[in-house]
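*Asks:* Below is the structure, and that's it, no one-letter string:
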């Protein structure tokens, strides 16, 4: 059936049609603008860079004497034989040693790279009581496994979590804080705190407090070569989990104690990656 519109109604019908068309166009424009606005709010997040080293390397499961990144420390710089250090950390140490020597300070490396097996030997000897703790007590006096581990963790790392695995960290001159609080240790420590950063080294374990609530107790002897250590620390953040810490006596408590978070990364904030 044909519908005819009276002549007098044509202007009204035309006006209605035009208004409807304008409204449709306006709605479409608003929809388009909403789409554009939504698109503009999308932010692309870059993925973290891939780890520079493997989990096994981070955990010290390798032999430094057979790794081209490591060099043997010359006898005149250490109290031990057959110990190794990452070649970049060693080159920086030699420069630091020479500068200290000019100021009458003699730096001696007591410990450097320790792989998983070496750290396991240290940890288990303390866990089983064949080696005394720093305060002269035996860990076997502590029955609770969590508490026993925490006591050892005051100064010793669980195997797989030590920065000494990386070949970037060294222990200098003495393994006792009181040595650095009187002569000649006080001069050594003052020189290091004033000059070590010029050679890329940082005191890893400063006094615990607000800025460092977790981790090992203060170690005035422990210094880390940051240009390499920061790379390995970044890889550890991606790869290392508490569940990976296993293969030695007492390893089962690692997740309870949040060892990775509190000890691997519970360091001097100035040394963090």
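*Replies:* All right, it came through fine. Quick caveat, the model's predicted, so the values are computed rather than measured. Numbering: from 1, shown residues only.
*Asks:* Please report phi then psi for the residue nearest the centre of the chain.
*Replies:* Of all residues in the chain, the one closest to the mean position by Cα atoms, centre = their mean is residue 233, 3.6 Å from it. Residue 233 adopts backbone torsions of phi -60, psi -40, taken as degrees, to the nearest 10.
*Asks:* Looks like it contacts residue 272 (just checking).
*Replies:* Yes. In terms of Cβ atoms under 8 Å, residue 233 counts as a neighbour of residue 272; the distance is 7.2 Å. (C-beta placed from N, C-alpha, C; glycine too.)
*Asks:* Find residues that contact each of these two.
*Replies:* residue 265 (Cβ atoms under 8 Å, 6 or more residues apart in numbering).
*Asks:* coming back round to it: and the residue nearest to the centre of the chain, what's its pLDDT?
*Replies:* Looking at residue 233, its pLDDT stands at 97.
*Asks:* mind listing what it touches?
*Replies:* Per Cβ under 8 Å, 6+ apart, neighbours of residue 233: 264-265, 272-273.
*Asks:* what's the distance between residue 67 and residue 53?
*Replies:* Going from residue 67 to residue 53 by Cβ to Cβ, to the nearest Å gives 11 Å.
*Asks:* ok, now residue 98?
*Replies:* 29 Å.
*Asks:* between the two, which one's more packed in?
*Replies:* Legend: neighbour count by other Cβ atoms under 10 Å for residue 98 and residue 53, higher for residue 53 (16 against 11).
*Asks:* For my notes, confirm residue 85 occurs in a strand.
*Replies:* Yes. The assignment for residue 85 (DSSP: H, G, I helix; E, B strand; the rest coil) places it in a strand.
*Asks:* number of nearby residues for it?
*Replies:* Residues lying near residue 85 (other Cβ under 10 Å) number 26.
*Asks:* again with residue 226
*Replies:* Here the number of neighbours of residue 226 (other Cβ under 10 Å) works out to 21.
*Asks:* so it makes contact with residue 203?
*Replies:* No. Taking contacts as Cβ under 8 Å, residue 226 lies outside contact range of residue 203: 10.9 Å.
*Asks:* Need the residues touching each of those two.
*Replies:* With Cβ under 8 Å, 6+ apart as the test, residue 226 and residue 203 both reach residue 271.
*Asks:* next one: stretch 227-241 to chain centre, how far?
*Replies:* Distance, stretch centre to chain centre, for stretch 227-241: 5 Å (Cα atoms, centre = their mean, to the nearest Å).
*Asks:* still on that earlier bit, return the distance of the residue nearest to the centre of the chain relative to residue 52.
*Replies:* For residue 233, the distance to residue 52 - Cβ to Cβ - is 10 Å.
*Asks:* do the same with residue 207
*Replies:* Residue 207 sits 31 Å away from residue 52, going by Cβ to Cβ.
*Asks:* Show the contacting residues for residue 87.
*Replies:* Per Cβ under 8 Å, 6+ apart, neighbours of residue 87: 69-71.
*Asks:* Kindly apply the preceding question to residue 229 instead.
*Replies:* Per Cβ under 8 Å, 6+ apart, neighbours of residue 229: 163, 166, 168-169, 271.
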